[in-house]
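[1] Turn this into a model:
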Amino acid sequence: MCENVQQSSLMYICILRGINVAGKKKIKMADLIELFQMLGHKNVSTYIQSGNVFFEPKSQKPRNILKDEIEKAILKTYSFHVEVDIRTHEELERILLNFPFDEAKSEDNYTKLLVTFLQSAPSKENKEILLKYVQTPDKLLIIDKEVYLYCPNGYGKSKLNNTFIEKKLALFATTRNYKSVKKLYELSKN
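    Residues are numbered from 1 along each chain as shown. Okay, here's the model as predicted:
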């Protein structure tokens with residue numbers, strides 16, 4: 001686990017979907033760091049086993065190009081596909097500032113508050129479809145490319161899991177709890 005991320009003028013946070021879950025798509029964090037370094041990225045480090053990678057890109061390529069390169073390198077190395085999302089410190093700050101459900105923002109609830117990162121903003125029609133499935137006590141709000149969730153009975157007991165959200169919005173998604181998003185933000189500070 002990384003506690004000291006070296007900073008540069010441009011640091012990205014790469015969030016991988018579905019690695020090291022239930023014994024599937026296993027990637028050791030040390031190997032993931034090595035893979036990013038082989039791609040030429042610098043100051044590479046990780047946070048927890050779920051696939052959060054900090055890196056300084058080797059060049060100023062657009063994020064969609066970096067995303068494709070990383071996904072292809074993982075496929076070539078591990079023979080399975082992993083979707084990735086690349087975010088900045090400023091984007092994580094915006095997510096934390098926009099986080100709704102103030103009544104739930106206590107450290108006791110940090111694992112019951114979640115952010116689902118989307119590859120793009122969903123269509124209005126797909127938003128409406130997803131919102132029909134939200135049942136009390138769960139809460140869900142979609143802002144731009146993020147789905148904000150509050151699952152007071154626990155994420156594992158909610159219908160609103162990552163796969164369900166992906167299917168209803170017809171978009172790649174990956175979910176992190178509030179505690180992890182806050183930690184990614186803190187570790188990516190300049």
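
[2] CA atoms for contacts and neighbours, from now on please.
    Will do.

[3] could you give the mean pLDDT of stretch 77-94?
    For stretch 77-94, mean pLDDT is 96.

[4] and what of stretch 11-26?
    89.

[5] again with stretch 53-70
    94.

[6] where exactly do the helices run in the chain?
    29-38, 63-78, 89-98, 124-131, 162-169, 178-187 (DSSP state H).

[7] Give me the distance between His41 and Tyr12.
    Using CA to CA, to the nearest Å, we find His41 at a distance of 10 Å from Tyr12.

[8] what is in contact with these two at once?
    Shared contacts of His41 and Tyr12 (CA atoms under 8 Å, 6 or more residues apart in numbering): Phe55, Glu56, Pro57.

[9] how many neighbours does the residue nearest to the first one when sequence neighbours are not counted have?
    Right, the one you point to is Phe55. Nearest non-adjacent residue to Phe55, counting by CA to CA, 6 or more residues apart in numbering: Val44, 4.4 Å away. Here the number of neighbours of Val44 (other CA atoms under 10 Å) works out to 23.

[10] just checking, Val44 touches Met38?
    No. Contact between Val44 and Met38 fails when scored by CA atoms under 8 Å: they sit 10.6 Å apart.

[11] list the contacts for Met100?
    You called it Met, but residue 100 is Pro. Per CA under 8 Å, 6+ apart, neighbours of Pro100: Leu141, Tyr148.

[12] So His81 versus Ile33, what's the distance?
    17 Å.

[13] what sits against Lys67?
    Val84, Asp85, Ile86.

[14] Let's see stretch 182-190 as PDB, backbone CA atoms only.
    Presented in PDB, the C-alpha positions along stretch 182-190 are these (Å, rounded to 0.1, in the frame of the first residue of the first chain):
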ATOM      1  CA  LYS A 182     -11.100  10.100   0.000                       C
ATOM      2  CA  LYS A 183      -7.800   8.200   0.400                       C
ATOM      3  CA  LEU A 184      -7.100   8.400  -3.400                       C
ATOM      4  CA  TYR A 185      -7.700  12.100  -3.200                       C
ATOM      5  CA  GLU A 186      -5.300  12.600  -0.200                       C
ATOM      6  CA  LEU A 187      -2.600  10.400  -1.700                       C
ATOM      7  CA  SER A 188      -2.700  12.300  -5.000                       C
ATOM      8  CA  LYS A 189      -2.300  15.800  -3.500                       C
ATOM      9  CA  ASN A 190       0.500  18.000  -4.900                       C
END
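
[15] I'd like the mean pLDDT over that stretch, please.
    89.

[16] next one: it to chain centre, how far?
    13 Å (CA atoms, centre = their mean, to the nearest Å).

[17] List the buried residues of it.
    Lys182, Leu184, Tyr185, Leu187, Ser188 (16 or more other CA atoms under 10 Å).

[18] likewise stretch 82-93?
    Val82, Glu83, Val84, Asp85, Ile86, Arg87, Thr88, His89, Leu92, Glu93.

[19] Look at the residue nearest to the third one when sequence neighbours are not counted and say how many residues are nearby.
    Just to be clear, that refers to Val84. In space, and not counting its chain neighbours, Val84 is closest to Leu16: 4.5 Å by CA to CA, 6+ apart. The local packing of Leu16 (other CA under 10 Å) involves 20 other residues.
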